[in-house]
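Student: Sharing a sequence plus its predicted fold:
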Amino acid sequence: MTDGLLSCSWFAQSPLLQAFHDHEWGEPVTEPGILFEYLVLHSFQIGFDFPVVLGRREAFREYLAGFNPVQLARFGEVEIEELLLNPRIIRNRRKLQATVQNARAWLQLQRELGGEDQLLPFFYAFVGGQPFNTQRRSGCSAPSTTPASMAMSKELKRRGFAMMGPVTCHNIMQTAGLLNDHLLSCPQHEKCRLLALASASK
């Protein structure tokens, strides 16, 4: 197989990952709610392979108020204790508490920025205001952090977010399409590049 036909290889672990790669990962996020969902999911990824989190995604959606930050921000210890009894999700007290804390920090950020429509520009600012197309070729592994993810981590922590280290922030950037980190030879790279251009022209 020539380099021009090579796709990313990490998704080969499971059909779930392949669907995630083909239909979601790297596509530029256009809705704040979707970005918040990725923020929650990747905070639960810490210490796990991402397929473990993806396999529980719909259970998280059901029991974490549809990833609605307004509703999640109202959760207290009673709700967290109930969630810790639920085998359908990842039962980790610190991560559940961080999810509630991050919902509150998200809403505070929204207020400080002047509205929900300012949330995406805030996050895109870490990559220069628009999706950044990396230029990785086959055999060139992606870094686990970048200066952009380190800057994002520092700022989110300053604003009260929890479990948002540079690696987690880099994962969020990749998933949300702030970085188009598909291999150049992967068909999804061009697809995501074109989606970014179409979004910018609106």
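Tutor: Arrived safely. The structure presented is a predicted model; accordingly, all values stated were derived computationally and were not measured.

Student: Point out the other helices and strands that whichever helix in the chain runs longest packs with.
Tutor: Secondary structure assigned by DSSP state H gives helix 93-113 as the longest helix of the chain. Applying 3 or more Cβ pairs under 8 Å, 6 or more residues apart in numbering; DSSP states H and E, one finds that helix 93-113 makes contact with helix 32-45, helix 69-72, helix 77-83, helix 119-124. In short, each C-beta sits where N, CA and C put it, glycine included.

Student: Packing partners of whichever helix or strand comes after the first one?
Tutor: Scanning forward in sequence from helix 32-45, with DSSP states H and E defining helices and strands, the next element found is helix 50-54. Contacts of helix 50-54 with other secondary structure elements, assessed using 3+ Cβ pairs under 8 Å, 6+ apart, are made with helix 15-23, helix 32-45.

Student: could I get those as CSV with mean neighbour count, mean pLDDT and distance to Thr175?
Tutor: Supplementary listing: these in CSV, determined by neighbours: other Cβ atoms under 10 Å; pLDDT from 0 to 100; distance: least, Cβ to Cβ, whole Å:
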stretch, mean neighbour count, mean pLDDT, distance to Thr175
helix 15-23, 14, 92, 8
helix 32-45, 21, 98, 5
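
Student: Could you list the low-pLDDT ranges of this structure?
Tutor: When residues are selected by pLDDT under 70, those of the chain lie in 1-5, 202.

Student: Contact partners for the closest residue to Ser199 other than its chain neighbours?
Tutor: Excluding the flanking residues, the one nearest Ser199 by Cβ to Cβ, 6 or more residues apart in numbering is Pro28, at 5.5 Å. If a contact means Cβ atoms under 8 Å, 6 or more residues apart in numbering, then Pro28 has Pro131, Ala176, Gly177, Leu178, Asn180, Cys192, Leu195, Ala196, Ser199 as its contacts.

Student: My guess is the fourth one contacts Val127. True?
Tutor: Yes: checked against Cβ atoms under 8 Å, the pair Leu178 and Val127 is within contact range at 4.9 Å.

Student: Common neighbours of those two, please.
Tutor: By the contact definition Cβ under 8 Å, 6+ apart, Leu178 and Val127 are jointly contacted by Ala148.

Student: who has more neighbours, these two?
Tutor: Leu178 (29 against 20; other Cβ atoms under 10 Å).

Student: Tell me how far that one lies from Cys192.
Tutor: 11 Å (Cβ to Cβ, to the nearest Å).

Student: if I look at these two, which residues touch both of them?
Tutor: Pro28, Pro131.

Student: how far does stretch 163-181 stretch from start to finish?
Tutor: Criterion Cα to Cα, to the nearest Å; first-to-last residue distance in stretch 163-181 is 22 Å.
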